[in-house]
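[1] fold the following, please.
(one chain, ligands or ions: 1)
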Amino acid sequence: KRIAVLASGRGSNFQAILDALARGEINGACVALITDNEDAYAIERAKAAGVPAVVVNFRNYPTKAAFEADLLAAMHAADADLFVCAGYMRIIGSEIIRAFAGKMINIHPALLPAFPGLHGQRQALEYGVKIAGCTVHFVDEGLDSGPIIVQKAVPVLDDDDEEALDERILAQEHIAFPEAVALFCADRLVVSGRHVKILPETP
Ligand code: GRF
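    Prediction:
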């Protein structure tokens, strides 16, 4: 499958997917990085991997609508089967979500439906939960609300600060995301309503 990645910053999840592709664990190819931020370190990662980077720089647009029109065009141009939001930090408008329904996935650093929105890790720490984690899900029109594909849990330790918990969750993100992308690319995900069934591997 043709995979396009949307990322706004560091891009460590993007890298985890590139690495899994290089190891042959995903039946696909990364055809584009699309970013809203010209300073995103993800661009360097794309260059190193020979993936074309498309910058739709949010700061150059007078309105979100104008920005999203170009983002939509960039996504169409990528002609991807799967759009992976890997630390893409903007809420995506409904027009784009509808255009790519069932083809967009996102990672969130919390065990959804707990702690949607920004700083899932901080919210977990502040709430006092003993188990935290990450969730890969299909993108729908709500905030971090689409059907769940993969979740990984980690313990919250008594003396965790945000950085320590972030790091523990991020390590699991780097496992969960390539896993979800591989399942999608192997046509092993069947979505029905809220539920995502994972088909067994075919030999
Ligand atoms: C991750 O924690 C992801 O869950 C969140 O933003 C962070 C992105 O990290 N939405 P990176 O850019 O993939 O390194």
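
[2] which one's the longest helix in the protein?
    Longest helix of the chain, by residue count under DSSP state H: helix 162-185.

[3] quick one: the helix or strand following it to chain centroid distance?
    As assigned by DSSP states H and E, the chain's next helix or strand after helix 162-185 is strand 189-192. The chain centroid and the centroid of strand 189-192 are separated by 18 Å under C-alpha atoms, centre = their mean, to the nearest Å.

[4] check stretch 49-65 too.
    Distance, centroid of stretch 49-65 to centroid of chain: 17 Å (C-alpha atoms, centre = their mean).

[5] swap in stretch 174-186?
    10 Å.

[6] for that stretch, give me every contacting residue.
    For stretch 174-186, the surrounding residues in contact (C-beta atoms under 8 Å, 6 or more residues apart in numbering) are 1, 3, 12-13, 16-17, 19-20, 25-28, 81-82, 84, 86, 105, 107, 134-136, 149-152, 189, 198, 201. Using the backbone N, CA and C atoms, a C-beta is placed for each residue, glycine as well.

[7] still on that earlier bit, and the longest helix of the chain, what's buried?
    Neighbour-count burial for helix 162-185 flags 165-166, 168-170, 172-174, 176-185 (criterion: 16 or more other C-beta atoms under 10 Å).

[8] next: stretch 84-101.
    Neighbour-count burial for stretch 84-101 flags 84-88, 92-93, 96-97, 100 (criterion: 16+ other C-beta under 10 Å).

[9] nearest to the ligand, out of the residues you listed: which one, please.
    Gly87 (2.7 Å; C-beta to the nearest ligand atom).

[10] isn't that closest one right up against Ala16?
    No: if you go by C-beta atoms under 8 Å, Gly87 and Ala16 don't touch, sitting 11.0 Å apart.

[11] before we move on, the earlier item: so which of the buried residues of stretch 84-101 belong to strands?
    84-85 (DSSP state E).

[12] dump the buried residues of stretch 84-101 to a markdown table, plus distance to the ligand.
    Formatted as a markdown table, the buried residues of stretch 84-101 follow (distance: C-beta to the nearest ligand atom, whole Å):
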| residue | distance to the ligand |
| --- | --- |
| Val84 | 10 |
| Cys85 | 8 |
| Ala86 | 5 |
| Gly87 | 3 |
| Tyr88 | 8 |
| Ile92 | 13 |
| Gly93 | 18 |
| Ile96 | 17 |
| Ile97 | 17 |
| Phe100 | 18 |
